[in-house]
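1. just the structure for this:
(one chain, ligands or ions: 1)
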Amino acid sequence: MNKPLRVAVTGAAGQIAYSLLPRIAQGEVFGKDQPVILQLLEITPALKALEGVSMELFDCAPSTLVDVICTDDAEKGMGDADAVFLIGGMPRGPGMLRKDLIQKNGPIFRGQGAAIGAAASKGVRVLTVANPCNTNCLVTQFHAKGIDPKQFHAMTRLDHNRATSQLATKSGKAIASVKNVIIWGNHSATQFADASRATIDGKPAYDVLDAEWLRGDFRSTVAQRGKAIIDARGKSSAASAANAAIEHMQTWHHGTAEGEHTSMAITSDGSYGVPEGLICSFPVTVKNGEISIVQGLELSDWDKENLQNSVDELLSEREAVADLLK
Ligand code: NAX
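-> Predicted structure coming up:
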């Protein structure tokens, strides 16, 4: 048996975690032969509910689960963690502007970043799901002293999956036949879902589907999908978000398939004119845990404009938390 991996999950009594945790415990992320210890972090009022989640996890009798630790102490939650899913945060309340949300969440992620720096394993991989996830990731990364900034990602895999399934549905082809969509920018309404490198059954998406749709409704449907789910379900996406978090970590762990890329929000190295240090979604390949931004894609003026729009939003979000980045 391998040594158990320690997997920390914040917001562990929330709805995304409720879909995520049994799947981690069943070995879906790190492998069926990889034991895991789940370290669940919540705010104090949610600890009772968290005990219920822990009981249910054991009741799944998952073969790879070694132990469950429930805590409201961030350093205990992050202790020796090899992987962290940052899902907990302050939700957007009625009438709350995005800027307010950013400012309310910043201090939470400062604390969690500090706890990661103080207590997690030096090789820890951190995925930020809680919104605004790109900027929460930036704050966490800044405060996690001693950990390589490359080990902090934010999640745009849900947007990537949404884009993939939109292309499949529109073309009437199987989801598995769609490859290589790209999500650029922020996980927000400004994100740019780009089908220009996507293929459907090996053919360019632009040869299969109407260009006007690909540049218009396709993009806005992907960007507005979260709202459409809330309108239909009365609650935000949970199962699909948990699924995307699992797939993001799986890909980080096991790599991308030959000739394929995925979308991840990672620290910009200046590629495609995105200012260095911003947490921005790019097309990436993954090999042996190393993430590489797909290089050499030619962007049209329209593509550049769309990317810049989302980058401008990321810059304004960074400005809103400037005090936390000193
Ligand atoms: P829930 O409100 O169901 O759960 C959040 C949990 O976080 C609650 O149990 C709460 O007690 C806990 N929490 C709050 N502050 C905490 C802290 N300081 N430390 C630890 N736990 C804390 O939300 P859920 O539906 O699970 O969504 C979680 C987050 O994911 C939200 O920020 C949401 O906006 C974000 N999402 C991100 C997505 C993405 O693609 N990146 C998509 C889905 C989702 O909207």
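
2. how about the helix or strand containing L101: buried residues?
-> Under DSSP states H and E, the secondary-structure element containing L101 is helix 98-119. For helix 98-119, the neighbour count (16 or more other Cβ atoms under 10 Å) marks 98, 101-102, 105-106, 108-110, 112-117, 119 as buried. In this view, the C-beta of every residue, glycine as well, is placed from N, C-alpha and C.

3. that one close to the ligand?
-> Yes - if you take Cβ under 6 Å from any ligand atom as the test, helix 98-119 does meet the ligand, through I108.

4. what mean pLDDT does that helix have?
-> Across helix 98-119, the average pLDDT comes to 94.

5. now for the buried residues of helix 98-119: which two are most distant?
-> Across these, no pair lies farther apart than R98 and A119, at 30.8 Å, counting by Cβ to Cβ.

6. which one of the residues in the protein is closest to the ligand?
-> Of all residues in the chain, G14 sits closest to the ligand, at 2.0 Å by Cβ to the nearest ligand atom.

7. what about that residue, neighbour count?
-> For G14, the count of nearby residues is 22 (other Cβ atoms under 10 Å).

8. S121 now?
-> Neighbourhood size, S121 [other Cβ under 10 Å]: 17.

9. with adjacent residues omitted, what lies nearest to A74?
-> Setting aside the residues directly before and after it, A74 is nearest to A115 in space (Cβ to Cβ, 6 or more residues apart in numbering), at 3.6 Å.

10. for D67, same thing?
-> Sequence neighbours aside, I37 is the residue nearest to D67 in space, at 4.7 Å (criterion: Cβ to Cβ, 6+ apart).

11. list the contacts of the host helix or strand of that neighbour.
-> Using DSSP H and E, I37 sits within strand 36-41. In this structure, residues lying in contact with strand 36-41 by Cβ atoms under 8 Å, 6 or more residues apart in numbering are 4-13, 17, 21, 24-25, 27, 30, 50, 53-54, 57, 64-74, 76-79, 81, 88.

12. ok, now stretch 213-222?
-> Applying Cβ under 8 Å, 6+ apart, the set of residues contacting stretch 213-222 is 159, 162-163, 166-167, 170, 183, 191-193, 195, 205-206, 209, 228, 302, 306.

13. wait, the residue nearest to A74 touches M78, no?
-> Yes - because the distance of 4.5 Å satisfies Cβ atoms under 8 Å, A115 is recorded as touching M78.

14. break the protein down into its structural domains.
-> The chain resolves into domains spanning 5-154, 157-318 when parsed by automatic domain parsing.

15. circling back to that earlier point, look up how far G77 lies from the residue nearest to D67.
-> In this view, I37 and G77 are 12 Å apart by Cβ to Cβ, to the nearest Å.

16. these two: which is more packed in?
-> For I37 and G77, the more surrounded residue by other Cβ under 10 Å is G77, and the numbers stand at 27 against 18.

17. who does the helix or strand where that one lies touch, helix- and strand-wise?
-> Remark: G77 resides in helix 74-78, with elements defined by DSSP H and E. For helix 74-78, the packing partners by 3 or more Cβ pairs under 8 Å, 6 or more residues apart in numbering; DSSP states H and E come out as strand 5-10, strand 36-41, strand 65-71, helix 98-119.

18. 7 Å - rerun?
-> In this structure, helix 74-78 packs against strand 5-10, strand 36-41, helix 98-119, with contacts taken as 3 or more Cβ pairs under 7 Å, 6 or more residues apart in numbering; DSSP states H and E.

19. surely P275 is within a strand?
-> No - assessed by DSSP: H, G, I helix; E, B strand; the rest coil, P275 does not belong to a strand; its assignment is coil.

20. who touches whichever helix or strand comes after the helix holding G77?
-> Note on helix 74-78: by DSSP H and E, the next helix or strand toward the C-terminus is strand 83-86. Here strand 83-86 makes contact (Cβ atoms under 7 Å, 6 or more residues apart in numbering) with 5, 7-10, 20, 78, 112, 116, 120, 124-130, 136, 140, 245, 249.

21. what are the phi and psi values at the residue of the chain positioned farthest from its centre?
-> Relative to the centre of the chain, the most outlying C-alpha is that of D207, 30.4 Å out, by Cα atoms, centre = their mean. The phi/psi pair for D207 (degrees, to the nearest 10) reads phi -90, psi -20.

22. quick one on the thing from earlier: dump the helices and strands packed on helix 74-78 into JSON lines; add distance to P283 as well.
-> Formatted as JSON lines, the helices and strands packed on helix 74-78 follow (distance: least, Cβ to Cβ, whole Å):
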{"stretch": "strand 5-10", "distance to P283": "27"}
{"stretch": "strand 36-41", "distance to P283": "30"}
{"stretch": "helix 98-119", "distance to P283": "25"}
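
23. and the pLDDT for M1?
-> 71.
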